[in-house]
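[1] Sequence and predicted structure are below.
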Amino acid sequence: MSFCDVIVPGPWWNSLTYELPANESALPGSRISVPVGRGRRIGWIEGVTSAPPADGKFVLRKAGPILDPAPLLAPRMLSLLQWGGKTFLCGTGEMIQTALPGPFLSKKTPVDLPGPQERPAGGEYREFPLYLQNDGERWARASAELEENTPFLALFPEQTSAEAFHAFLPLSLREKTLLWPSTGGAALLKAWRTARGGEWTGVVGGPGAVFAPLPALSCIFVDEESSGGYRSYKWPYLHSRTLAGRRARLEGALLLLGGRIPSSRLYLRCRPKFQNPPRRGMVKFVDMKKGIASESPGVSGTLPLTAPFLEETQKCLEQGRTALWLLDRKGYAGEVACEECGNPVWCKACGSVMAWEERKGRLRCSSCGALAPLPEVCPICRGVLLRGKRPGLEALYTAARSTAPSDLPVLLKEDQNIRGKKNRRALKASFSKGGIVAGTRSVLSLCDLLDVGFAGWIDADAEARRVAFQAKFTAYSMAWESLWRGNGKEDRVLVLQSRRPGSGWQKALLSGWEVFWRQELKERKELDLPPFFFLLEVKAPSQESKESIMAALEKGGLVPMDPGDPALRFWISVKSLAGVAEMLAPFYSIGNSTAGFPEISVWID
DNA sequence: CCACCAGAGCTC
DNA sequence: AGCTCTGGTGGC
């Protein structure tokens, strides 16, 4: 008699063991119908054993039947998902749910795909850093490597960059390369089938394409490797860049890690060297307190637009190029901010900026809706709070309009990207003689489309003000991106307005990211932060659960940090994930379902 | 008298 | 997380 371990998709970590009917020959990666509780579910065979489980705490039931003629999950893909389940502390079941097309999880109809498709792993794992701030140069190098090493997988943090890279490939290669769909549904199903059928030489796509079932891989290219876009924004919190790295190891493939700037982990590991510091005059720091009060009708308060900021904008417009005015909405939409440190008031529940409701005389969180009274003093520095002094993007529009000659366009973009080919073409046409685009960081993607001669950050501190440990890196990499992203002319001027111009992380903009990382890594090492430690953010399902998890971790010798503020959350930094996974495992058994499962976010770098 | 529903309970 | 069983409700 034989038995099989079956992964039943869900938030628990353990697989379930069943007796295998005599007539079924089970292969790992096959879908199988299994009884769970009162009903039946679709499970995935993880392994087959001949010895029954020893402890006998449960009564074995009979599995079957197997749903498809051949396993849907190839062995190396299964190991990737198992590894992901351990690394991101979400379990293999959650990994399967994110990696595979929906219909495979919910529909029992047999999927008729040919048998073992996975070719033997190619060669030996190698990794190669490709850090060039000139996008065109970097892509040319990457595409040459991909052409030599097929089949390949090329990953990008956003779908638009993936599309652009796909279009960038030489025609002969592009025709054999699949652009992985960002949507689910029929498109994904078709992409999945054809990719697994070996119909493509390569796949190009956004973060989700890391799960493209190519039968073998010779090369994986991860562009903008340090981008936060590789991290999923909702549970389970995966990181596609990290998964891609693991996949390259499992496949014995060449791993190309590229971008304008490396992540902390990669910098620590490879110390990549390619970079040219900006030429003199490309970066200018300006004190925003010297801003000209550009009064906007109907808005109280002022926008701090300094003379150098406006002068550089004018120069750029005179050259017939486009100027980007960047500001972090979080620093401006929040209408209560501290005069001394510049911090807006943060929501205690979710960490977003609170907005002032004048008529009700209270604060409301812009993202979760929580209400709070106005604090007497700034909760961060105890300075004087100011109310309603921060005009938003609308005031910026008025200022931009009065700066640009009336025949040039001014565009105010809020968070959404410019989507669709038609819209992009129209935008490109209307900015053919230059103009001003004002908006949040999302407008940086316009560097790929327009000839951007000037990028100005109205409040460069806004990003670095966040409490998150990555705040400085985010601020630095965004400024770095606004300096280099796009046409490759390398003659853009960057102006950073801030309260302490040219200090701290800003200084490293003059020399490059090596200087930034040297300083930043020193600080992170002292604080046991990534990339030296893994930082876990745990969200418990209830107060009781939070207390017992924290107790279990303390018993294991770890020191959870509980800021108390977002009520059910706490943090913990660990040297290894294996140890903490063992301590947490009891909270993730299927029997714990009524208590609920904690959701963990793992910060690797 | 039974269709329809929200809520409880269970999971190798 | 699903899945099914339960028991209350209400329509005719």
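    All right, it came through fine.

[2] okay, CA-based contacts and neighbour counts for the rest of this
    Fine.

[3] Could you pick out the residues of the stretch 101-250 of chain A near DNA strand C for me?
    Taking Cα under 7 Å from any atom of the strand as the contact definition, the stretch 101-250 of chain A meets DNA strand C at A:Ser106.

[4] what are the ranges of the helices in the stretch 101-250 of chain A?
    Using DSSP state H, counting those that start in this stretch, the helices assigned to the stretch 101-250 of chain A run over residues A:102-106, A:135-148, A:159-168, A:171-174, A:185-196, A:240-251.

[5] Could you export the first one as CSV, CA atoms only?
    Output in CSV follows, covering the C-alpha atoms of helix A:102-106 (Å, rounded to 0.1, in the frame of the first residue of the first chain):
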residue,chain,number,x,y,z
GLY,A,102,-7.3,30.1,-11.3
PRO,A,103,-9.2,27.5,-13.2
PHE,A,104,-6.6,24.8,-12.2
LEU,A,105,-7.5,25.5,-8.6
SER,A,106,-11.2,25.5,-8.8
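
[6] What residues does the stretch 501-605 of chain A have near DNA strand C?
    So far as Cα under 7 Å from any atom of the strand goes, the stretch 501-605 of chain A lies against DNA strand C at A:Ile590, A:Ser593, A:Thr594, A:Gly596, A:Phe597.

[7] what's the neighbour count on the last one?
    Pointing back at A:Phe597 there. By the criterion of other Cα atoms under 10 Å, A:Phe597 has 20 neighbours.

[8] wait, what's in contact with it?
    A:Pro11, A:Trp12, A:Ala540, A:Pro541, A:Phe587, A:Tyr588 (Cα atoms under 8 Å, 6 or more residues apart in numbering).

[9] between the helices of the stretch 101-250 of chain A, which one is nearest to DNA strand B?
    Taking Cα to the nearest atom of the strand, helix A:102-106 is the member of the helices of the stretch 101-250 of chain A nearest to DNA strand B, at 16.1 Å.

[10] Mind listing what's buried along the closest one?
    Using 16 or more other Cα atoms under 10 Å as the test for burial, helix A:102-106 gives A:Gly102, A:Phe104, A:Leu105.

[11] Mind listing residues that contact that helix?
    Residues outside helix A:102-106 that contact it (Cα under 8 Å, 6+ apart): A:Ile42, A:Gln97, A:Val111, A:Gly184, A:Gly185.

[12] Weed out the non-buried ones from the residues you listed.
    A:Ile42, A:Gln97, A:Val111.

[13] wait, what's in contact with the closest residue to A:Ser264 other than its chain neighbours?
    Spatial nearest neighbour of A:Ser264, excluding adjacent residues (Cα to Cα, 6 or more residues apart in numbering): A:Asp605 at 5.7 Å. Contacts for A:Asp605 (Cα under 8 Å, 6+ apart) come out as A:Ser263, A:Ser264, A:Arg265, A:Pro530, A:Pro531, A:Phe534.

[14] Can you find the helix or strand in chain A with the smallest mean pLDDT?
    Every helix and strand of chain A was ranked by mean pLDDT, DSSP states H and E. The lowest is helix A:329-332, at a mean of 56.

[15] Now the element after that one, going C-ward?
    Using DSSP states H and E, the helix or strand that follows helix A:329-332 in sequence is strand A:336-338.

[16] could you measure the nearest residue to A:Arg321 once chain neighbours are set aside against A:Glu544, distance?
    Closest residue to A:Arg321 apart from its sequence neighbours, by Cα to Cα, 6+ apart: A:Gly434 at 4.1 Å. If you measure A:Gly434 against A:Glu544 using Cα to Cα, to the nearest Å, the figure is 59 Å.

[17] swap in A:Trp44?
    A:Trp44 is 33 Å from A:Glu544, by Cα to Cα.

[18] Looking at the two, which one has more neighbours?
    Counted by other Cα under 10 Å, A:Trp44 and A:Glu544 do not tie: A:Trp44 has more neighbours, with 29 against 12.

[19] And the helix or strand where the more buried one lies, what's buried?
    When elements are assigned from DSSP H and E, A:Trp44 belongs to strand A:39-49. Within strand A:39-49, the residues scored as buried using 16+ other Cα under 10 Å are A:Arg41, A:Ile42, A:Gly43, A:Trp44, A:Ile45, A:Glu46, A:Gly47, A:Val48.

[20] Over to stretch A:151-171?
    Buried, per 16+ other Cα under 10 Å, within stretch A:151-171: A:151-163, A:165-166, A:169.

[21] Tell me where the model's unsure across the stretch 401-550 of chain A.
    For the stretch 401-550 of chain A, the stretches with pLDDT under 70 are A:414-419, A:466-467.

[22] Could you check how far A:Phe454 is from DNA strand B?
    Using Cα to the nearest atom of the strand, to the nearest Å, A:Phe454 is found at 56 Å from DNA strand B.

[23] now do A:Trp505
    For A:Trp505, the distance to DNA strand B (Cα to the nearest atom of the strand) stands at 49 Å.

[24] Please confirm that that residue is located within a helix.
    Yes: counting by DSSP: H, G, I helix; E, B strand; the rest coil, A:Trp505 falls inside a helix.

[25] check contacts around it.
    A:Lys472, A:Tyr476, A:Phe516.

[26] Including neighbour count, could those residues go into CSV?
    What follows is those, written out as CSV (neighbours: other Cα atoms under 10 Å):
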residue, neighbour count
A:Lys472, 21
A:Tyr476, 24
A:Phe516, 21
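
[27] Out of those, flag the one nearest to DNA strand C.
    DNA strand C has its nearest neighbour among these in A:Lys472, at 34.8 Å by Cα to the nearest atom of the strand.

[28] Find the helix or strand that the closest one is a member of.
    helix A:471-484.

[29] repeat for A:Phe454
    Per DSSP H and E: strand A:452-457 holds A:Phe454.
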